[in-house]
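Novice: 3D, please:
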Amino acid sequence: MKWHLRTRLLAISILLFQPDGSAVVAHAQDAVTPLPEPAVGGAPDGPSGVQETHDQVSIEQVMKLVRLSRIMGGGITQMSMAVQNQKTALDAIRNGQTGPKTIPLLNGPDEVAARHGGEGLKEMADSALNGAVDGPPDLMAAFAHFRSTFSLDKAFALKDDELASKKVLAQLAAKGAIAGSVAESSYKRANEGMERVNDYITALQASKDLKTSIDINTRAVIELTQQINESLRTQSAVTSIVSSYFMMMASEASNEDWVDGLKDFNR
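Specialist: Numbers count the residues shown, from 1 in each chain. Prediction:
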């Protein structure tokens, strides 16, 4: 009984039941490619004085052992290859879920400098009145353009005038120039962000792993955060101008000739 079980296990026979109730025996050796015969050289010569015999049963058993050894070796080889292929597939899955990806972080020196919006609206306006603006390069370039185009130096010079209304005009000119520069810078950076979003969409369509998709989503969130901040900066600059205008009106109203001053300002 034990010999019979060993034989069945060694043959690796599997009983498959069909839907109609019939049974088909599938042997493992049918799915295994046997190993090629090894090179063993010639058989050694028999010793002298030995009588030759022919034992057919023993020869058949030896042939079966050789055949079985080749099948077992082929099966082990195929199993090893299957395990290796599984490892390769698992490595690909792991690499697709972990590790750095070649997607820009937008954290280089230029990107960091571009995100710097200046110390503050008041501080930049005060710097503008003194002839210099401290801020990111694109904002400073826009300010220089507005300063030249609208000849703002004369308006800035009113900050030292004796009349309070003219001092207020100088402040409004500086705040207006800063607000326009912020809007110009934010608009250009928003356009650059939209171009990157298009690249992210293209990369997402070609993504074959989870990690890349997550990284692209993270970059999209960064872009969204930057766009919101650019919008907040522009809104803050506009609010600064509006509030300055109403403060100017209140300042004019505190004087007896505030109506005439307001008319002159509106002209």
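
Novice: dump the residue contacts of A155.
Specialist: Taking Cβ atoms under 8 Å, 6 or more residues apart in numbering as the criterion, A155 is in contact with 169-170, 173. C-beta here means a position set from N, CA and C on the backbone, and glycine is covered the same way.

Novice: which SSE is it in?
Specialist: Secondary structure from DSSP states H and E places A155 in helix 152-157.

Novice: P100 now?
Specialist: For P100, no secondary-structure element claims it when assigned by DSSP H and E, so it is in no helix or strand.

Novice: for stretch 108-122, C-alpha coordinates in PDB please.
Specialist: The C-alpha atoms that make up stretch 108-122 are tabulated as PDB, following Å, rounded to 0.1, in the frame of the first residue of the first chain:
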ATOM      1  CA  GLY A 108      14.600  73.900  -8.000                       C
ATOM      2  CA  PRO A 109      16.200  77.300  -7.200                       C
ATOM      3  CA  ASP A 110      14.300  79.100 -10.000                       C
ATOM      4  CA  GLU A 111      10.900  77.600  -8.900                       C
ATOM      5  CA  VAL A 112      11.500  78.500  -5.200                       C
ATOM      6  CA  ALA A 113      12.500  82.100  -6.200                       C
ATOM      7  CA  ALA A 114       9.500  82.400  -8.400                       C
ATOM      8  CA  ARG A 115       7.200  81.400  -5.600                       C
ATOM      9  CA  HIS A 116       8.600  84.200  -3.400                       C
ATOM     10  CA  GLY A 117       6.000  87.000  -3.800                       C
ATOM     11  CA  GLY A 118       7.900  89.700  -2.000                       C
ATOM     12  CA  GLU A 119       7.900  90.800   1.600                       C
ATOM     13  CA  GLY A 120       4.400  92.300   1.500                       C
ATOM     14  CA  LEU A 121       2.300  94.800  -0.500                       C
ATOM     15  CA  LYS A 122       3.000  97.700   1.800                       C
END
